[in-house]
Every structure is written in structure tokens, then in C-alpha cells.
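Engineer: below are the sequence and a predicted model; questions follow.
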Amino acid sequence: MRLRLCLFMLILLPVAAGVHAWLFCNDNLRPLTDEAMTRLKAAGVRNPVVSIRFFDMAVSGEAPDPPARQRALDSLRTLGPLRMLPDAERIHVLASLGARQDGNTLRLSGWFPEGDEVRNVRGLLSELRPDLVIDTADLHTAGLVRWPEGAKPPLSAGSAFLKPIIDTLRVPAELHIRAKADAIVLTGLLPDTKLKGELVAALAEVAGARVVDPAALKASPHVFPAAFAKPELLAAFVRSFFSVPPPRSFDIQSDGIPHLKGVATRQMESSWLALLRPVTGAAKVDAQFTLVPSLYHFPEYQIQSRLPPETIKTLREELRGVVIVFDAGSAQIPPLEQTKLATLAPTLLAAGPSLGLVIGAHPDPAGPEVVEKNIGKARADAVHSFLVEQGVPAADISAVVFDSVPAGSPSAPASPRSVELLIK
């Protein structure tokens, strides 16, 4: 009897265990599955799937990064009495890339599979935006990260994976040039390298002893096309505009409106505007010029005379304030003005043929331009002839007509009917 009872219990025990397991799963499977789903979602896992069979759990999904994946697994391992076999964990991490621009630094963040793709992307973005510093300190790699469907290294500018970031990096073209006493500095963004090369070459032709610094001028096909980006035409203007003494500046952006600042004569202003017209079309030019009568009146004009510096300094003092004033409508030198010139002649004669003298007439801005230029030239020639008659060498003396300057301007002559003597 006892033997029969023992045999019966041995037969009943597995049945009871099975019934118990069935009752456990039936009562607890759904709550455990829901709890596992909740923990996966709390860790940031997207599209989570949980499968529980008796005490064995299998999970899958997409974690945003390896730390989030690890948090999800650590949380599931505390979900007793379930267990998760190594081959039942299929939570993947897809490659991700984020970008944030902080001033002139583009900070990349995210996760890539192991390999050289971080270096490749940094180089690619540096080519597209050479004006930016590409910071990849927060862009990590891990072996468990995999590329999303359709993304295959090496990535390129046309890759769908990079497109959201690359699209935000497109910028309008701009150009800024500053001329100082010792350097000409270029900054901005241009749509092609040819334009940059021609601008730098044009400035090098006229820089003289000044340094041409294009380090902050970047060129990239990722810059939006600009109407002003016409290599030969823009270079011709830049060559002319920066061939005269500084300070001066030129700025133009995607709106096509050029901004000019500096010292100029009326003739220079007219010439520069003519050179700009085919570059900017109908765009209005913002020209803020300080008008002067001639190149020799520029504050930074360097005297070309071969005389010793001390001699030049003495002569400039002698000539400062010497103005030959004529009667209205006349090119005859008045007697008192002849006396001035006669007194000055020995000093000019002592300087010798290396002097380099400019005799310039100031036309009246209120009179007809052609008439004033003609009579101005006659007055300059009259002074020239008088000095030559006094023995001053004529080898390097120029008689010219200066540009008119509006009355009241800082550089306007005291009398518009006058002739001024300057050292070249």
C-alpha cells in the first residue's frame, strides 16, 4: 500500500509542478511582460519587444546609445524570477549623429561603429565649412553600434545620414577686405576657390611692402552661389581700389550691396563705381569716401622723391601753406604771387633735379567742370613756366589739375582759384 502511494506521489509531483508553473505564468506573465516593457521604455529603448516563456525572457529593440542599452539590461536583470539568456538579448544601438554650432565651432555628438568614420566625417565637414572648427570630442565609437539601413561607410556629402546636418551648414557668401598700413586682410566665405585665388593675386600686385593675409577667407562649394562672385570682374575692382594708400575697406554680402570706405578723389570714385557696375548690376553702392583733391593729399601717401628724408622734411615745411591765388577767370600770376614764387625758387633749385614736384591747380567746384579744368591747367602751366624761368630744373615737374572737392570739406582748398606745390 505504501509503495503504491509513493508511486502515485511520484507520478503526481511533475503534474503538480506543471500545473503550478501554468498557474504562475497565467497569473503573472502579462504583468511581468508589462513591467519589462515599462523598464525598457524608461531606459529610452525604442520599439521594445518582450517575450517570456516560463522563466526565460527574450527582448529586442533599439537603444539610443550604449549607456542607455546597458541601463535597460541592468534594469531587466533585477526583474525576478525571470532570467535572460545571453542570446535572448537583441537590443541594438543604431549610429547617431547630432551637431550644435557654438560660434565658429561645430560640436558633433553621437555614436558610430568602430572604425575611421569619425575622422572621415570631420574631414568632410571641414571641407564643406572650412571656416568652422569641427569638435568631435562627444562623438564616440563602440563595437555594438551598427549603421542604419542605407548608411554605408565611407559617408559622403550626399549621404542621407548626414543630410540633416549638412543642409543646416549651407551659408551665404560674403567678402570683407581691410587695408591697413602694414597689411591687407581678407575674411569671409566664397563659393569657389578660383575667386579666392584671383582676389589674392590681384591684391599681391598692388600690396607693395604690405602683407596680404587671406587666412580668414574660406572657399567652399557648400556656400550658396552669389551674384557678385565674378572672378575677373571683382578682381579688377579690388586691384584698383586697393592700389591707393590705406586705410580703406570693401564689404559685400549675399544682398549684393557693396560697402566702400576710405579716401578718394572724385575721379577715383567714378572709376571704382564703373568697375563695380558689371559686378553688382543695379545694386546701390554704399560709398563713404573722404574726398581729397589728389593722390598726394592722402593721409598715408608715401613720398616718392629720391631726396634724403631730412631734405624732404625741410622742403615740406617750406611748401606748407604756399598757395598761389589767381584772380577770377584769369591764368596770369598776380605780382604778389610772383614774389612768393621767386622767393621759393632758390630753395627748389637747391634741391636739384631729384626733387619731384607737383604743381596742382584747384578748380572751382561751383563752376562748369570743363571750363574750370581748362583754366586750372592754364594756371598750373603758368606757375610751371615761371619756376623754370627762375632756374628750377624742369626734369621732374608735373603741372596738373586736381579734382574738385566740395566747399566746406576738410580737404577743400582755402581758395578754389589757387595752385598748390607738393612733393611727389
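Structural biologist: That came through, no problem. Just so it is clear, the model here is predicted, and its values are computed rather than measured.

Engineer: ok, which stretches of the stretch 151-300 of the chain are strands?
Structural biologist: 174-179, 183-190, 211-219, 248-252, 259-264, 286-291 (DSSP state E, counting those that start in this stretch).

Engineer: strands paired with the fifth one, and their directions?
Structural biologist: Right, strand 259-264. In the sheet, strand 259-264 lines up against strand 248-252 (antiparallel), strand 286-291 (parallel) (DSSP bridges).

Engineer: ranking those by burial, who's on top?
Structural biologist: strand 248-252 (a mean of 21; mean count of other C-beta atoms under 10 Å). C-beta here means a position set from N, CA and C on the backbone, and glycine is covered the same way.

Engineer: what are the contacting residues of that one?
Structural biologist: 174-179, 228, 238, 241-242, 258-263, 280 (C-beta atoms under 8 Å, 6 or more residues apart in numbering).

Engineer: could you dump the strands of the stretch 151-300 of the chain to TSV with mean pLDDT?
Structural biologist: What follows is those, written out as TSV (pLDDT from 0 to 100):
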stretch	mean pLDDT
strand 174-179	97
strand 183-190	96
strand 211-219	95
strand 248-252	97
strand 259-264	96
strand 286-291	95
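
Engineer: in a markdown table, list those along with distance to R320.
Structural biologist: Listed next are those as a markdown table, based on distance: least, C-beta to C-beta, whole Å:
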| stretch | distance to R320 |
| --- | --- |
| strand 174-179 | 27 |
| strand 183-190 | 30 |
| strand 211-219 | 33 |
| strand 248-252 | 25 |
| strand 259-264 | 19 |
| strand 286-291 | 20 |
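
Engineer: of those strands, which is nearest V370?
Structural biologist: Of all the strands of the stretch 151-300 of the chain, strand 286-291 sits nearest to V370, with 19.7 Å by C-beta to C-beta.

Engineer: and the next helix or strand past that closest one?
Structural biologist: helix 309-319 (DSSP states H and E).

Engineer: what are the buried residues along that next one?
Structural biologist: For helix 309-319, a neighbour-count test (16 or more other C-beta atoms under 10 Å) marks 311-312, 315, 319 as buried.

Engineer: please save the CA atoms from that helix in CSV.
Structural biologist: Output of helix 309-319 as CSV, limited to C-alpha atoms (Å, rounded to 0.1, in the frame of the first residue of the first chain):
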residue,chain,number,x,y,z
PRO,A,309,64.5,112.3,-45.7
GLU,A,310,65.8,115.4,-43.8
THR,A,311,65.8,117.4,-47.0
ILE,A,312,62.3,116.3,-47.8
LYS,A,313,61.1,117.3,-44.3
THR,A,314,62.6,120.8,-44.7
LEU,A,315,61.1,121.2,-48.1
ARG,A,316,57.6,120.1,-46.9
GLU,A,317,57.8,122.7,-44.2
GLU,A,318,58.8,125.3,-46.8
LEU,A,319,55.9,124.4,-49.1
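
Engineer: elements contacting that helix?
Structural biologist: Counting contacts by 3 or more C-beta pairs under 8 Å, 6 or more residues apart in numbering; DSSP states H and E, helix 309-319 packs against helix 335-351, strand 418-423.

Engineer: what's the closest non-adjacent residue to V285?
Structural biologist: Distances taken as C-beta to C-beta, 6 or more residues apart in numbering put P258 closest to V285, at 5.3 Å, once the chain neighbours are dropped.

Engineer: so what's the one you found scoring on pLDDT?
Structural biologist: Per-residue confidence at P258 stands at 96 (pLDDT).

Engineer: got it, and A345?
Structural biologist: Confidence score, pLDDT, at A345: 91.

Engineer: how about the nearest residue to it, chain neighbours excluded?
Structural biologist: A345 sits nearest to Q390 (C-beta to C-beta, 6+ apart), 3.7 Å away.

Engineer: same check, this time on L97
Structural biologist: Using C-beta to C-beta, 6+ apart, the closest residue to L97 is G110 (4.3 Å).

Engineer: over to P66?
Structural biologist: Sequence neighbours aside, A142 is the residue nearest to P66 in space, at 4.9 Å (criterion: C-beta to C-beta, 6+ apart).

Engineer: go ahead and confirm the one you found touches E114.
Structural biologist: Yes: at 6.8 Å, A142 counts as touching E114 under the criterion of C-beta atoms under 8 Å.

Engineer: looking only at neighbour counts, state which of the two leads.
Structural biologist: Per other C-beta atoms under 10 Å, whichever of A142 and E114 has more neighbours is A142, with 16 against 11.

Engineer: which residues touch that one?
Structural biologist: A142 makes contacts with 66, 93, 111, 113-114, as judged by C-beta under 8 Å, 6+ apart.

Engineer: and stretch 57-75, what's buried?
Structural biologist: For stretch 57-75, a neighbour-count test (16+ other C-beta under 10 Å) marks 57, 59-66, 68-69, 71-73, 75 as buried.

Engineer: go through those and name the one nearest D167.
Structural biologist: Using C-beta to C-beta, P64 comes nearest to D167 of the buried residues of stretch 57-75, at 22.3 Å.

Engineer: what are the neighbouring residues in contact with that closest one?
Structural biologist: Per C-beta under 8 Å, 6+ apart, neighbours of P64: 44, 46, 93, 96.

Engineer: which of the residues you listed fall in strands?
Structural biologist: Under the assignment DSSP state E, the contacts of P64 contribute 46, 93, 96 to strands.
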